[in-house]
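1. predicted structure and sequence below. I'll ask about it afterward.
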Amino acid sequence: MRLSETEIQTRVEALAERCRDAGLAVTPQRLAIYRALLHSESHPDAEALYEAVRAQIPNLSLATVYKNLEALQELGIIRELTPLHETARFDANLDDHHHLVCTACKAVLDLYDADLDGLQLPTARAKGFLISHIRVQVEGLCPACAKRTRS
């Protein structure tokens, strides 16, 4: 889901407030990393975020990116995804949604589907499992990779 600049600014301001409330510094690096993640729809990994932010902050280190991603996760501002990847990918979209994952190119796309949102799992409940969230990962080929396999 693409956010408007106004929505991004609102979320960045909310992050600054959450940081202050948690006793964390509101650093230009932290804000830039979060802003880059909000701008991305590709669920980037730490290295991709590093490359995106390094243009604005040339002295940024990859270690700083990792530390800030960890802090953002602890604040509950972002989620870590690891679908079919050797490295973690990150998502700043905290709306209830699912993911489509291409098994060929490893693209991750957001999926909003009311049928999936309303999933009932009586077997899990019968085993005494208290379900708090259901996130579905649908694996297959994205349109570009599917087209290549048909060619």
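-> Received it, and whenever you're ready, just let me know what you need.
2. mind listing what the residue nearest the centre of the chain touches?
-> Centroid-nearest residue in the chain, with Cα atoms, centre = their mean: Asp91, separated by 0.6 Å. By Cβ atoms under 8 Å, 6 or more residues apart in numbering, the residues touching Asp91 are Leu37, His43, Ile78, Arg79, Glu80, Leu81. Just so you know, the C-beta spots here come from the backbone N, C-alpha and C atoms, and that holds for glycine as well.
3. so which of those are in helices?
-> Leu37 (DSSP state H).
4. could you list which of the contacts of Asp91 belong to strands?
-> Judged by DSSP state E, strands contain the following of those: Arg79, Glu80, Leu81.
5. only whichever of these are buried, select them in ChimeraX.
-> Listed next is the ChimeraX selection for buried residues among the ones in strands among the contacts of Asp91, using 16 or more other Cβ atoms under 10 Å:
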select :79,81
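6. and the ones in strands among the contacts of Asp91 as TSV, adding distance to Ser132?
-> Below are the ones in strands among the contacts of Asp91 laid out as TSV (distance: Cβ to Cβ, whole Å):
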residue	distance to Ser132
Arg79	14
Glu80	17
Leu81	17
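7. helices of the protein, start to end?
-> Ranges of helices within the chain are 5-22, 28-39, 46-54, 62-74, 114-117, 122-126, 143-150, based on DSSP H.
8. now do the third one, average pLDDT.
-> In other words, helix 46-54. The average pLDDT for helix 46-54 rounds to 96.
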